[in-house]
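Asks: Show me how the following folds:
(4 chains)
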Number of protein chains: 2
Amino acid sequence: MTHRVRRTMPLLPISIVMQLTELTARQIRYYEEHELIQPARSEGNKRMFSLNDVDTLLEIKDFLDQGINIAGIKKIHALRTQPKIEKTAPQTISDTELRQILRDEILNSNAFDRGGIRQGDLSRFFKK
Amino acid sequence: MTHRVRRTMPLLPISIVMQLTELTARQIRYYEEHELIQPARSEGNKRMFSLNDVDTLLEIKDFLDQGINIAGIKKIHALRTQPKIEKTAPQTISDTELRQILRDEILNSNAFDRGGIRQGDLSRFFKK
DNA sequence: TTTTTTATGTAAGAAAACCTAACGTTAGTT
DNA sequence: AACTAACGTTAGGTTTTCTTACATAAAAAA
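Replies: I've put the predicted structure just below:
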């Protein structure tokens, strides 16, 4: 009967997530509104975030810094969670959309002199 | 400037800690009152717990189940955080106290048929 | 260059969560 | 019988979070 804490367990209130990600509450809610994250809710309707949610938010932040817009990030997420291309279900991403995303990526890839391209890696927050 | 999340970082509100430990808010506050834990506080004075705090609470729960009282647990904690016996600073634990603690331990050690004697191990909550 | 859209800021009012303080309770101890 | 330890419970107040709505700057589109 012992439940288990995982990276998917809703543990953190929005105030802590704000600290961890340096995002405002408005931003976090906006990203949820656009279905980039789906934080759990407490009984009283308060958002409760998992470590994975924080990971995703850090990733979103990184992508936004790279000039990719929310629509683009949404597609990228979709591509990752459902990367199998079945012939029964045709892809919802048009060629033009995909090309636009990639073009944005390339155009902005060296706009800033940043280090690695690891996005949304929560592990960098952990010491031990 | 990147801050880091550690096991000592205050992340969790009391409601989540209640779920993780299956303790009531009253119990948790009571243990703090008796200095078994020292959770951080938010700007607005709300308790914020670290993973280490949760660990400690699980340990406290285990000890209480074993029949050790709060005073005893407090001593045990003190013995662990300051286990060096300097001749300059004499121990504050009397022999009678120590014997009482050990006697309680022995008397209750097989009162229930439980498995290992690992106390307060948060790691058992983590899957990956 | 206007117009629209995107990604936010900000404010208001309500509700949930948490706080301290205080008194009640129950099982053990003295 | 009286006391203590370890809570439960209630009350009133404060903090945090919620939704909704309107404002805005910069970028994109027309």
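Asks: Chain A: strands as residue ranges?
Replies: Remark: strands assigned in chain A by DSSP state E are A:40-41, A:47-48.
Asks: I'd like to know which of these is closest to DNA strand D.
Replies: strand A:47-48 (2.9 Å; CB to the nearest atom of the strand). For every residue, glycine as well, the C-beta is placed using N, CA and C.
Asks: for that closest one, packing partners?
Replies: Counting contacts by 3 or more CB pairs under 8 Å, 6 or more residues apart in numbering or on different chains; DSSP states H and E, strand A:47-48 is packed against helix A:25-33, strand A:40-41.
Asks: 7 Å - rerun?
Replies: Counting by 3 or more CB pairs under 7 Å, 6 or more residues apart in numbering or on different chains; DSSP states H and E, the packing neighbours recorded for strand A:47-48 are strand A:40-41.
Asks: and whichever residue of chain A sits closest to DNA strand C, how many neighbours?
Replies: Proximity of chain A to DNA strand C (CB to the nearest atom of the strand) peaks at A:G44, 1.7 Å away. A:G44: 6 surrounding residues under other CB atoms under 10 Å in any protein chain shown.
Asks: Show the pLDDT at the residue nearest to A:M48 when sequence neighbours are not counted.
Replies: Nearest residue to A:M48, sequence neighbours excluded (CB to CB, 6 or more residues apart in numbering or on different chains): A:P10, at 3.5 Å. We have a pLDDT of 98 for A:P10.
Asks: How about A:Q100?
Replies: With respect to pLDDT, A:Q100 has a value of 42.
Asks: Same check on the one 10 residues further on?
Replies: If you check A:N110, the pLDDT there is 28.
Asks: Ok, the one 4 residues further on next?
Replies: The model reports A:R114 with a pLDDT of 31.
Asks: Could you do A:R80 as well?
Replies: pLDDT recorded at A:R80 is 85.
Asks: now do A:T96
Replies: A:T96 carries a pLDDT value of 37.
Asks: what's the answer for A:R6, then?
Replies: With respect to pLDDT, A:R6 scores 83.
Asks: I'd like to know how many residues surround it.
Replies: Neighbour count of A:R6, defined by other CB under 10 Å: 14.
Asks: From B:G44, how far out is it?
Replies: Counting by CB to CB, to the nearest Å, the gap from A:R6 to B:G44 is 29 Å.
Asks: How about the residues of chain A by DNA strand D?
Replies: Contact residues (CB under 7 Å from any atom of the strand) of chain A with DNA strand D: A:P13, A:I14, A:S15, A:I16, A:A25, A:R29, A:N45, A:K46, A:R47.
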